[in-house]
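# Sequence and predicted model, in that order:
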Amino acid sequence: MYRDVVPVAKSVYSASMVGPRVRLIFILGYISGHVTKALAETLGSEGSDYCVRLDNDLTPGVFLYALTTSVYLEMRRRGFDVSALRYEDLVARPLDMCRVILEFYHVPVSLAELAVTALDRDSQRNSVLAKSVLGRFRELQLTPKKKSKAV
């Protein structure tokens, strides 16, 4: 599943508010691009391709988005039959998209309505990433400059 880049970046920013390690990456990434290089290498990518200084609160999310998109494209290039689903499509048409997913995995399509009800639950409700926890923080404010740099 993939998502538009700005919501991904905002989500990563929100996670940094409750995840000390993520917050540390944000802070150290402001200082040096070597942080993203090391992070990319720990995730199995060529770090020199991702030596980027994290110069605003959106950049870490854009960085992770680029990294995962790169892995997806590399898998496609190597001939793996990898399919993707856009998150915004799932949210816009949950019943239709759940039917498509279930059909793809050869699961009875009759379970689609049950799957849609599961989408209404907070899958992170018992963690620090619960909506109730993240909702305590003010949403990241985007300037036109930050948004254009992210996209």
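That came through, no problem. Residues are numbered from 1 along each chain as shown.

# Can you list the low-confidence ranges for the protein?
Within the chain, the segments meeting pLDDT under 70 span 146-147, 149-151.

# Domain map for the chain?
According to automatic domain parsing, the chain is divided into the following domains: 1-79, 85-123.

# Would you mind putting those into CSV with distance to Ser132 and mean neighbour count alongside?
Quick note: C-beta positions are derived from backbone N, CA and C, even for glycine. Below are these laid out as CSV (distance: least, Cβ to Cβ, whole Å; neighbours: other Cβ atoms under 10 Å):
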stretch, distance to Ser132, mean neighbour count
domain 1-79, 11, 16
domain 85-123, 8, 13
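
# which one of the ones you listed lies closest to Leu134?
domain 1-79 (4.9 Å; Cβ to Cβ).

# So Pro94 sits against Leu114, correct?
No: counting by Cβ atoms under 8 Å, Leu114 is not a contact partner of Pro94; they are 11.7 Å apart.

# TSV for the domains of the chain, including distance to Glu139?
Shown next, in TSV, are the domains of the chain (distance: least, Cβ to Cβ, whole Å):
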stretch	distance to Glu139
domain 1-79	7
domain 85-123	17
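
# Among those, which comes closest to Val133?
Of all the domains of the chain, domain 1-79 comes closest under Cβ to Cβ, at 6.1 Å.

# Identify the residues contacting the nearest residue to Arg86 once chain neighbours are set aside.
The spatially closest residue to Arg86, leaving aside those adjacent along the chain, is Tyr2, at 6.0 Å (Cβ to Cβ, 6 or more residues apart in numbering). Applying Cβ atoms under 8 Å, 6 or more residues apart in numbering to Tyr2 gives the contacts 68-69, 72, 84-87.

# please redo it, this time with the cut-off set to 7 Å
The contact partners of Tyr2, taken as Cβ atoms under 7 Å, 6 or more residues apart in numbering, are 84, 86-87.

# Among the residues you listed, which ones are in helices?
Tyr87 (DSSP state H).

# Quick one: closest of the domains of the chain to Arg138.
domain 1-79 (9.5 Å).

# Quick check: the gap between the residue nearest to Arg86 and Asp120.
21 Å (Cβ to Cβ, to the nearest Å).
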